[in-house]
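K.L.:
Just the structure for this:
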Amino acid sequence: ILPTLAEKAVDCIGQRAKTKQPFFLYFPLTTPHEPIAPSEQFKGKSGISAVGDLIMESDWALGQVMEALARHGVAENTLLIFTSDNGHCPYTGLKPFENAGHRVSGPFRGYKFDAWDGGHHLPFVARWPGVVQPGSQCAQLASLNDLMATCAEITGAQVPATAGEDSFSLLP
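P.N.:
Numbers count the residues shown, from 1 in each chain. I've put the predicted structure just below:
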């Protein structure tokens with residue numbers, strides 16, 4: 001399904017870019033959730049496991065979106081956020097990753113479903129030319145909840161006091 005979702009996202013970017021109006025695209029990746037079913041062109045490509053192949057396919061899908069933003073001339077004025085909702089799930093097989101020298105939770109203990117940090121520290125990459133400095137890092141504790149306040153601040157939207165009480169803008 002991932003190639004179809006990527007194609008639809010690319011088409012959406014093309015259509016929206018023609019309008020010259022700001023747009024929001026939510027592009028939730030299906031990977032690496034079960035079933036572990038990489039597309040034919042990615043099977044065996046990672047040399048690690050089917051999960052590794054699926055992660056490579058996710059990278060490809062994100063690359064398709066980034067390429068479409070550039071091709072349609074909107075990349076330089078687009079905030080692109082790549083993140084996850086939790087750590088790696090151990091039941092998909094950790095040993096092949098460990099054997100390849102890759103620690104799926106980085107320096108943290110634990111995985112998805114754990115209370116330990118490895119289940120909750122996740123990638124959060126933001127690309128926004130002219131606003132987010134390439135290679136910059138933020139050591140502040142952040143949560144996906146914070147995207148509500150962040151997007152509201154960026155767009156100038158007013159959030160009611162009873163909505164998103166635990167959301168804080170990451171814009172600074």
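K.L.:
Contact partners for the residue nearest the centre of the chain?
P.N.:
In the chain, the centroid-proximal residue (CA atoms, centre = their mean) is Phe82; its distance is 2.5 Å. Residues counted as contacts of Phe82 (CB atoms under 8 Å, 6 or more residues apart in numbering) are 62, 123-127. For every residue, glycine as well, the C-beta is placed using N, CA and C.
K.L.:
Helices - which of those residues land there?
P.N.:
Leu62 (DSSP state H).
K.L.:
What's the ChimeraX line that selects buried ones from the contacts of Phe82?
P.N.:
With 16 or more other CB atoms under 10 Å as the burial test, the buried ones among the contacts of Phe82 are selected in ChimeraX as follows:
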select :62,124
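K.L.:
Let's have the contacts of Phe82 in CSV, adding distance to Leu2 and pLDDT.
P.N.:
Output for the contacts of Phe82, formatted as CSV (distance: CB to CB, whole Å; pLDDT from 0 to 100):
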residue, distance to Leu2, pLDDT
Leu62, 10, 96
Pro123, 18, 84
Phe124, 21, 89
Val125, 19, 93
Ala126, 22, 94
Arg127, 21, 96
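K.L.:
Reformat the contacts of Phe82 as JSON lines; add distance to Glu98.
P.N.:
Formatted as JSON lines, the contacts of Phe82 follow (distance: CB to CB, whole Å):
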{"residue": "Leu62", "distance to Glu98": "25"}
{"residue": "Pro123", "distance to Glu98": "19"}
{"residue": "Phe124", "distance to Glu98": "24"}
{"residue": "Val125", "distance to Glu98": "24"}
{"residue": "Ala126", "distance to Glu98": "29"}
{"residue": "Arg127", "distance to Glu98": "30"}
